[in-house]
Every structure is written in C-alpha cells, then in structure tokens.
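Visitor: Give the three-dimensional model of this entry:
(one chain, ligands or ions: 1)
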Amino acid sequence: MNSNNNTKDVASMSAARNPSKTAPAVTQRDGFDLIPTTPIVWDVSVDRNPTTGKVWSDITYSKSTQDAAARIAFNRASKLHAFRPTTIREIQHALEDATEDPAIAVIVITSNTNDQEYTPAFCAGGDQTVRSDGGGYQDGTETLPKLRVLDLQVQMRRCPKPIMAVVRGYAVGGGHILHMLCDLTLASTETAVFGQTGPRMGSFDAGYGSVHAADLVGQKRARELWFLCRYYNAEQAQAMGLINAHYPDVELDGRTAQWVRRMVMNSPTALACCKAALNAGQDGAAGIAQMGGELTRLFYLSKESQEGRQAFLEKRAPQFRSKL
Ligand SMILES: CC(C)(COP(=O)(O)OP(=O)(O)OC[C@H]1O[C@@H](n2cnc3c(N)ncnc32)[C@H](O)[C@@H]1OP(=O)(O)O)[C@@H](O)C(=O)NCCC(=O)NCCSC(=O)CCC(=O)c1ccccc1C(=O)O
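Guide: Below you'll find the model as predicted:
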C-alpha cells in the first residue's frame, strides 16, 4: 500500500482504538470499517509467464503496486474456467512468482467473468475433454497423464502468504477444492455456487478435498457434500463455514480490496506463522517442517545462531552462551 494512504489508514485506525466516553461499537473499534473499499488498481500486468517466457494461455496475472497484492485469474470463460494441465502449470508459475516477490503480501485467486456470453464461473473443475484413460489429465503438454492439480494444492498450502479466493459463479468439483484450499474465500451473493461433483463424474479427492472439507464444515456436512453432490448458494455456504463472507456482486471488488488492505497492514511473519500453524495439524510432518522452517529462519537472525557460523568460519569453538 502506498505510504500516504497507509499513514491515513493507520491514523484513523488508532483514532478508533482510543477509548472515549462515547466509545464506538466493538466492531468499529477494530478499525476494519475505516479501511477504504475502493477497488484495487491492478496496474502491473504480467503478460508473460516468468518461468517459460511465454504469453499466458489459460490465466491472467497482475499485481498492484499500491496494495501489495497479486491477482491470478482463470481465463477460460468458454469452458467455465475448467482447468487442464496447462492451466495448473501456469497458476503454479504465477503463484511461485507472487510468493517470491517481496513487494507482494497477499495473493488473490479469482476468474475473469466479465464476458457476458458465458455462465459466470470461478472454476468448473478438471476439464473433462482432456481427462484421459491413462490415469489423469493430458492436454498434450504432459509426458504422462497425471493429476497435476494435487501439486498445486500442496504449493498453496506451503505458500507463506495469505491466498484469498474471490468467487463469482460456479466453484464446483476441483474448482471447489481450490477455493477451499485458499486461506480465505469471499463470494458474490447473487452468483456464487459451491459443490463437489466427483462421484457424479467418476472422480473423488481423498486428500485435502475430503480432509480439509471436513475441517471446514464438519464430518456430517462433508459427507453430504461428497455423497449427495448438491449445489449451495453463497448464503448456505457461509452458514456451513465454507466461505468467509459474501457481498452483492457490485460490492465484491471493493470488499476484496478492504480484506486485502487489512492483511497487508498486518505483520507478514505473524501471518506466515499463523498459516503454518493452522495447516500443521492436517499436514503432519510436512506441516511441522513448514512451521519449523519459519522458526529456523527467525533463529538465524539471532546472535546465538550467528555465533555457530562465525565460529566455524574463524576456526574456533563457538561461545553460544555469551550471545544469549
Ligand atoms: C457448471 C455447470 C452446471 C454449468 O452449466 P451451464 O450454465 O448450462 O453451462 P454449460 O453449457 O454446461 O457449460 C459451458 C461450457 O463449459 C463446458 N464445461 C463446463 N464444465 C466443464 C468441465 N469441467 N470440463 C470441460 N468443459 C466444461 C461445457 O461443456 C460447455 O462447453 P460447450 O463447448 O459449450 O459444450 C455445468 O457446466 C457442469 O455441470 N459442468 C461440470 C462441472 C463438474 O462436474 N466439474 C467437476 C469435474 S471433475 C473434477 O473436477 C476432478 C478434478 C481433479 O482433477 C481431481 C482429481 C482427483 C483428485 C483431486 C482432483 C482435484 O481437482 O482436486
């Protein structure tokens, strides 16, 4: 966020914090309502895949200098943004770039739904036209058919920055799993539709798609999602705990900006550690490794840790206790 705006926001937030005889309502005192809801300006369009140097074919990728955010958007409206291996690989490359870019604090995953010709969708799951008989998806870019989306799911879990899904239209099948794997989900009140379809399509996700779903909505509801394959609107999805909030479509971009700006104001290390901690239970040793990595990174900043390296370089015995 640009420093001028930031100064103004922080000043008004601390004004909200100061107790007075006529204290504002509790929900106002967290300062959230004071954060501007002007939509984010995505002023940097990244037109080429930073990994391959090629122009994107299935997504668009842009960044906001002012709001320290990256936007990765499905861009296959005629297929309701169903994903094929190319789509997943492009999202992986954009996500890697956003994760590595120190100017980016928050990542938004959404879809380009401005084309009135097609049914609005966030993502209609795996592209069934390229689902092969060889045990996965093959659009001519894989050496062997595979379920590449499972690698993207892991990458999203390991990304230390908050990822927020912004859903307009259908988020179904593998598209529903991707929104669940985002740290937060905002949705359009009028158009968002959520649901699993695997058992109707001869597919299922026995990994995060089941385990994380149960953590979000509870065992009974998760079984309902998978066994009945019904669709839910935004209000129902929020009541179930599948999404964080829904807003009228015209407000959604402004509210997205507000949520992003609030996270950008917060400590990135604290957010990364919270994300790692919230993931650790489901992720077993890999989750603990992610948490442990953050801990080691912070330890490397200490004089005690640096003494170990220094002593080695100076060919002497370390004096850890003198650095405590
Ligand atoms: C969403 C619909 C109900 C919308 O219906 P409607 O408004 O009438 O639009 P359509 O005319 O049906 O669609 C327009 C256009 O898009 C094409 N399309 C839609 N969805 C797909 C798709 N998934 N694949 C390919 N193409 C799709 C549709 O054919 C039309 O094209 P035309 O050329 O005009 O014919 C409806 O579209 C619908 O029901 N869609 C299917 C939704 C669905 O069931 N998706 C789930 C697929 S299975 C899956 O996602 C598995 C994913 C996976 O890879 C996986 C596997 C194992 C473990 C984990 C995973 C994981 O994803 O995590």
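
Visitor: give the contact list for Cys273.
Guide: 291, 294 (CB atoms under 8 Å, 6 or more residues apart in numbering). The C-beta positions use only the backbone N, C-alpha and C, and glycine is treated the same way.

Visitor: is it true that it lies in a helix?
Guide: Yes - counting by DSSP: H, G, I helix; E, B strand; the rest coil, Cys273 falls inside a helix.

Visitor: now it: how far from Gly209?
Guide: 26 Å (CB to CB, to the nearest Å).

Visitor: Also Cys274?
Guide: Counting by CB to CB - Cys274 and Gly209 are separated by 23 Å.

Visitor: Of those two, which one has the most company?
Guide: Gly209 (25 against 14; other CB atoms under 10 Å).

Visitor: residue contacts, the more buried one?
Guide: Per CB under 8 Å, 6+ apart, neighbours of Gly209: 174, 177, 180, 196, 198.

Visitor: quick one: which of these is nearest the ligand?
Guide: Gly174 (2.3 Å; CB to the nearest ligand atom).

Visitor: what residues are up against that closest one?
Guide: So Gly174 contacts 83, 123, 125-126, 149, 205, 209 (CB under 8 Å, 6+ apart).

Visitor: again, but for Asp127
Guide: 79, 82-84, 87, 137, 139.

Visitor: Filter these down to the buried ones, PyMOL style.
Guide: Listed next is the PyMOL selection for buried residues among these, using 16 or more other CB atoms under 10 Å:
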select buried, resi 79+82+83+84+87+137+139
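
Visitor: Pull the most distant pair out of the contacts of Asp127.
Guide: Lys79 and Tyr137 (13.0 Å; CB to CB).

Visitor: these two touch, right, Ala311 and Gln319?
Guide: Yes - using CB atoms under 8 Å, Ala311 makes contact with Gln319 at a distance of 7.2 Å.

Visitor: okay, those two: which has more neighbours?
Guide: More neighbours surround Ala311 than the other of Ala311 and Gln319, with 14 against 11 (other CB under 10 Å).

Visitor: Can you give the distance of stretch 101-116 from its chain's centre?
Guide: Distance, stretch centre to chain centre, for stretch 101-116: 10 Å (CA atoms, centre = their mean, to the nearest Å).

Visitor: next one: stretch 196-203
Guide: 24 Å.

Visitor: Just the CA trace of it, in CSV.
Guide: Extracted C-alpha coordinates of stretch 196-203, given in CSV (Å, rounded to 0.1, in the frame of the first residue of the first chain):
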residue,chain,number,x,y,z
GLN,A,196,-18.5,-31.3,-5.2
THR,A,197,-19.4,-33.3,-8.2
GLY,A,198,-16.8,-36.0,-8.3
PRO,A,199,-19.0,-39.1,-7.5
ARG,A,200,-21.3,-38.0,-10.4
MET,A,201,-18.2,-37.6,-12.7
GLY,A,202,-16.4,-40.8,-11.7
SER,A,203,-13.9,-38.9,-9.6
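
Visitor: can you give me the helices for this structure?
Guide: Using DSSP state H, the helices of the chain run over 3-17, 26-29, 85-100, 149-158, 174-181, 198-201, 208-217, 219-228, 234-240, 249-265, 268-299, 303-313.

Visitor: what's the third one packed up against?
Guide: Read that as helix 85-100. Here helix 85-100 touches strand 59-64, strand 69-74, strand 106-111, helix 149-158, going by 3 or more CB pairs under 8 Å, 6 or more residues apart in numbering; DSSP states H and E.

Visitor: Rebuild those as a markdown table, extending it with distance to the ligand and mean pLDDT.
Guide: Formatted as a markdown table, those follow (distance: least, CB to the nearest ligand atom, whole Å; pLDDT from 0 to 100):
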| stretch | distance to the ligand | mean pLDDT |
| --- | --- | --- |
| strand 59-64 | 16 | 98 |
| strand 69-74 | 12 | 99 |
| strand 106-111 | 13 | 99 |
| helix 149-158 | 4 | 98 |
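
Visitor: any chance of the ones you listed in JSON lines, with distance to Leu324 and mean neighbour count too?
Guide: Shown next, in JSON lines, are the helices and strands packed on helix 85-100 (distance: least, CB to CB, whole Å; neighbours: other CB atoms under 10 Å):
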{"stretch": "strand 59-64", "distance to Leu324": "42", "mean neighbour count": "22"}
{"stretch": "strand 69-74", "distance to Leu324": "40", "mean neighbour count": "26"}
{"stretch": "strand 106-111", "distance to Leu324": "36", "mean neighbour count": "26"}
{"stretch": "helix 149-158", "distance to Leu324": "32", "mean neighbour count": "18"}
